[in-house]
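Visitor: Structure of the sequence below:
(2 chains)
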Amino acid sequence: MSCGTGRKDPVPRDIQAAPPPAIPQVALEPAADPAAVARGQALIDRFECVRCHDLPGREPAPLEKHCVRCHQDILAGQFPAPAETLREWQGHITHLTDVPALRGLDRFRRAWLAGWLHAPHDLRPGLDSTMPRLALGTAKAADLAAALIPDAELAAPPTGELARGRALFGDKSCALCHRFSGAPNIAPSARLPVPLDDAQLQRGLAQAPDLRFTRERMRPAALVAWLLDPPRHKPGTPMPKIPLDEADARALAAYLTDVPLDPLPAPKPVQRLPILERRVTWAEVEAKIFKRTCWHCHSDPDYARGDGGPGNSGGYGFTPRRLDLASYTGISSGSVGDDGKRRSVFAPLPDGTPRIVAHMLARHAEVEGAAPELRGMPLGLTPVPLADIQLVDTWIAQGRPQ
Amino acid sequence: MSRLALALSLAVTAAIVGPPNRADACGNSVRRLVDSGQEYVQKADLLLAKGQHRKAVSTIREAFGDKALAADMKGPGAHLHRRAQRILALAVARSGGDIAIGMGLGGASKSRKDAAIAWAVLTLRLQADAPAQTADLAEALARQASGRAEAHDLLKGLADGDLMPTAEGWALLAELSKERGDVETSKRAVERCMKTYARHVKCDVTEQT
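Guide: So this is what the prediction gives:
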């Protein structure tokens, strides 16, 4: 989290040098095509969005299928399991403990959402999991966005004063929760604009998006309305209602959308580490990688009522790959490819990298901002450290000792 | 008599295995700690992997009794039941039918051994939908003189796709290939087997009877 402790930039930039545009740069989005909305509604079911997100008008997934509530209940000690077991699980759970509810989505640009669903990037630096790359192309992403944001965009209000917005950004302590990467560093003021209880502050710190993306993400009129009263648009949001008048909100919106930003750093190439000289056994890679991370989605269905997780039995829109990473026998049995046939997860890709290693390296590339052809694993989670990927690579090169 | 027992075991209607308990967090991968049936099956699985066939069988029988031999079952415990059957069948194959698994199957006499192996082949054939199960089936088939050619073909297919799931599979492929005069495949299989460093598996076919 930045919490105002982000990159220092002691030299204020001449923010007046880039005058705000007089008219919106992007045409207003009309109401979504009803056919696309209908298709998108079906996709919400297919991709099982309610297994992570609360969605108005839809029943949440049952506890045993809900990736977030299950974790929250375990952390709160409310999950029906022995106390000793709960304590053990509590020590392991770091991911998927909080996700935003999908309410008030009409504040976002539909086109942005479609692009982001197709190739998600990290929006919320305080969460260590991100939206996973689902199995959808651009057309399905557009349909999903249409279902989530069916309404037309409202006309943009007059542009506010950018300099005033800059001052408000500091006075209202926005940087307490939000990172604004690429923008001049503005420390939050010593006093909060509204009182926040600990729980709300913790959720705010976790969920606050990087404001860098606001300009492409939010509809201008909705941004102003949101700043004036967030809970009215999204009940339960950790973003508080901060005392602002209309001109303040427009000024703050102008700052968020028009202040010049440093370009994003170019994705760093991901370094595949060399094969180790020492011997690596299954016990080591199982303990450090497969049982720690991969097993949650690629497990043995026999021991879980036939559901080996989305990476085995399917789910979240993924077809069943029948990949079991919970045992030596399981990983050696490979996965089911697009052609329906079993294939080895150790088979080298054209560049010589074993498939399973390439998936783990791809996750690093995704985090760096690239969009590799292979889907990065673990899906939407913190990448497996390169030194651990090196262990897997070495284990494969050594003939996969048991 | 053994054949009768086999027929009877296959005709047993779905036995009721206690429904799994509810602590299966996240719906998939977190084991159900309070489900004793699952605990037994996982323990038996580990024993089998260590080559302790007799203990693996007794662990399954402790949990399921003769229900483990029932032909099929439906419902929430079906996967566990299938797994228990697979463990029994593989223990039969690896022990050459020496171990009594119930209902007159397995034991000292040749007819009981043959009946147990026939049961194991049938059981594993019904489950052979993935490489692990296919390799298991090959192990059982190789115990029948008439099944060795099929066992070879199954294992060769797995090896060609780099999908051999066990050291036992490599060792058996080495043995079956050598038997057919395919020295190259046999040598490669021995090498792959030895690279797994599976302590309880004899990879060198010259040591095998």
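Visitor: Where does the prediction get shaky in the chain?
Guide: Since no chain was named, I'll use chain A. Within chain A, the set of residues satisfying pLDDT under 70 comprises A:1-26.
Visitor: um, chain B though
Guide: B:1-35, B:71-72, B:206-209.
Visitor: Tell me how many other residues surround the residue of chain B found nearest chain A.
Guide: Of all residues in chain B, B:Lys195 sits closest to chain A, with a separation of 2.9 Å (C-beta to the nearest C-beta). Every C-beta, even on glycine, is put in place using the N, C-alpha and C of the backbone. Residues lying near B:Lys195 (other C-beta atoms under 10 Å in any protein chain shown) number 16.
Visitor: Now do the same contact list for it.
Guide: Residues in contact with B:Lys195 (C-beta atoms under 8 Å, 6 or more residues apart in numbering or on different chains) are A:Gln398, A:Gly399, A:Arg400, A:Pro401.
Visitor: Find the pair from these with maximum spatial separation.
Guide: A:Gln398 and A:Arg400 (7.2 Å; C-beta to C-beta).
Visitor: Show me which of those two is the more surrounded one.
Guide: A direct count of neighbours by other C-beta under 10 Å for A:Gln398 and A:Arg400 places A:Arg400 higher, at 22 against 16.
Visitor: My guess is the more buried one contacts A:Trp282. True?
Guide: Yes: A:Arg400 lies in contact with A:Trp282 (C-beta atoms under 8 Å); the separation is 7.0 Å.
Visitor: joint contacts of the two?
Guide: By the contact definition C-beta under 8 Å, 6+ apart, A:Arg400 and A:Trp282 are jointly contacted by A:Tyr328.
Visitor: isn't A:Arg164 right up against A:Ala251?
Guide: Yes: between A:Arg164 and A:Ala251 a contact is recorded at 3.9 Å, counting by C-beta under 8 Å.
Visitor: Find the centremost residue of the chain, please.
Guide: No chain was given, so I picked chain A. The C-alpha lying nearest the average C-alpha coordinate of chain A belongs to A:Thr130 (C-alpha atoms, centre = their mean; 2.0 Å).
Visitor: Chain B was what I was after
Guide: B:Leu90 (2.1 Å).
Visitor: so who does it touch?
Guide: B:Leu48, B:Ala120, B:Leu124, B:Asp136, B:Glu139, B:Ala140.
Visitor: before we move on, what SS does the nearest residue to the first one once chain neighbours are set aside have?
Guide: Nearest non-adjacent residue to B:Leu48, counting by C-beta to C-beta, 6 or more residues apart in numbering or on different chains: B:Ala56, 4.2 Å away. The assignment at B:Ala56 comes out as helix when based on DSSP: H, G, I helix; E, B strand; the rest coil.
Visitor: just checking, B:Ala56 touches B:Ala89?
Guide: No: with contact defined as C-beta under 8 Å, B:Ala56 does not reach B:Ala89; the gap is 11.0 Å.
Visitor: between the two, who's got more neighbours?
Guide: Neighbour count, other C-beta under 10 Å: between B:Ala56 and B:Ala89, B:Ala89 has more, with 29 against 26.
Visitor: shouldn't that one be in contact with B:Ala140?
Guide: Yes: counting by C-beta under 8 Å, B:Ala89 touches B:Ala140, with 6.3 Å between them.
Visitor: Now do the shared contacts for these two.
Guide: B:Ala120, B:Val121, B:Leu124.
Visitor: doesn't B:Ala138 make contact with the first one?
Guide: Right, the one you point to is B:Ala120. No: judged on C-beta under 8 Å, B:Ala120 makes no contact with B:Ala138 at a distance of 11.6 Å.
Visitor: Could you chop the chain up by domain?
Guide: By default, I'm working from chain A. A:34-148, A:154-258, A:282-397 (automatic domain parsing).
Visitor: To clarify, I was referring to chain B.
Guide: B:1-127, B:129-209.
Visitor: Nearest to A:Ala371 among those would be which one?
Guide: Taking C-beta to C-beta, domain B:1-127 is the member of these nearest to A:Ala371, at 27.9 Å.
Visitor: Show me which residues of the stretch 201-350 of chain A are close to chain B?
Guide: The stretch 201-350 of chain A has residues A:281, A:295-297, A:299, A:301-310, A:312-313, A:322, A:326, A:328-330, A:332-334, A:342-344, A:346-347 near chain B, with proximity defined as C-beta under 8 Å from any C-beta of the partner chain.
Visitor: Just the ones in strands from those, please.
Guide: A:Arg342, A:Arg343 (DSSP state E).
Visitor: Now the buried members of the residues of the stretch 201-350 of chain A next to chain B.
Guide: Of the members of these, the ones counted as buried by neighbours, 16 or more other C-beta atoms under 10 Å in any protein chain shown, are A:281, A:295-297, A:299, A:301-305, A:307-310, A:312-313, A:322, A:326, A:328-330, A:332-334, A:342-344, A:346.
Visitor: List the ones among the residues you listed that fall in helices.
Guide: Mapping those onto helices (DSSP state H) picks out A:Tyr328, A:Thr329, A:Gly330, A:Ser332.
Visitor: Now the residue nearest to the centre of chain B: which helix or strand?
Guide: helix B:78-95 (DSSP states H and E).
Visitor: what's the following helix or strand after that helix?
Guide: helix B:110-127.
Visitor: and that following helix, what does it pack onto?
Guide: helix B:2-11, helix B:78-95, helix B:131-141 (3 or more C-beta pairs under 8 Å, 6 or more residues apart in numbering or on different chains; DSSP states H and E).
Visitor: B:Arg82 contacts A:Tyr303, correct?
Guide: No: in this structure, B:Arg82 is not within contact of A:Tyr303 by C-beta under 8 Å, at 11.3 Å.
Visitor: which residues of chain A fall in strands?
Guide: Under DSSP E, chain A gives strands at A:335-336, A:342-343.
Visitor: can I get the ones you listed in TSV with distance to B:Gln42?
Guide: Compiled in TSV, the strands of chain A are given as follows (distance: least, C-beta to C-beta, whole Å):
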stretch	distance to B:Gln42
strand A:335-336	23
strand A:342-343	25
